[in-house]
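1. I need the structure of the sequence given here:
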Amino acid sequence: MEKTGGNVTELVSASAAELASSYKKLSDSISNELSKASSGTNSYSDQLEMATKNLTALNTVYEIQLQDANQYLDSTKELYGGLHHMLDNLNKSIEDTKRYREEVSKLGSNLAALNTIYGNMLTAMNYHIEKQT
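-> Residues are numbered from 1 along each chain as shown. Now for the predicted structure:
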């Protein structure tokens, strides 16, 4: 029986050593996987940080574009305001030009009438001079 007890002790001892070795391998494997996961997490964290920086830069560019668009819109409003003012002045000038043309036409008619009167006066004076002679 002692022989059997010795064999059992050796078997238990060998089995315990094998179990300890398996636990050691499992512990090393888990440690290795955790190290890889930690490295992956760091890489993911770095990528998230890079994406955040890129989004911040894009947001800044977008904000600048919005400011430029607002300035362009304000400039366009000023331009259209100036064009509207210019068109108002042009319309007033058209009305003034119509009145000027009418007045020039009246002046022409008056000058024609004056020329007729002056011509009649000259004719009468010539007739009077001829009659006296």
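2. roughly how far does E33 sit from S39?
-> Distance of E33 to S39, given as C-beta to C-beta, to the nearest Å: 11 Å. Where C-beta positions appear, they are placed from N, C-alpha and C, glycine not excepted.
3. one more: R101?
-> R101 is 91 Å from S39, by C-beta to C-beta.
4. also K98?
-> Taking C-beta to C-beta as the measure, K98 and S39 are separated by 87 Å.
5. and if you look at A17?
-> According to C-beta to C-beta, A17 stands 33 Å off from S39.
6. likewise M125?
-> Distance from M125 to S39, by C-beta to C-beta: 124 Å.
7. and what of S13?
-> On the measure of C-beta to C-beta, S13 and S39 end up 39 Å apart.
8. list the contacts for L58?
-> By C-beta atoms under 8 Å, 6 or more residues apart in numbering, no residues touch L58.
9. need the pLDDT of it.
-> L58 is assigned a pLDDT of 93 by the prediction.
10. what does the one 3 residues further on give?
-> The confidence metric pLDDT takes the value 94 at V61.
11. any idea where the strands of this structure begin and end?
-> Read by DSSP state E, the chain holds no strands at all.
12. show me where pLDDT drops low in it?
-> Counting by pLDDT under 70, the ranges of the chain that qualify are 1-6, 133.
13. 50 - rerun?
-> Residue ranges of the chain with pLDDT under 50: 1-2.
14. in it, which spans are helices?
-> Using DSSP state H, the helices of the chain run over residues 2-132.
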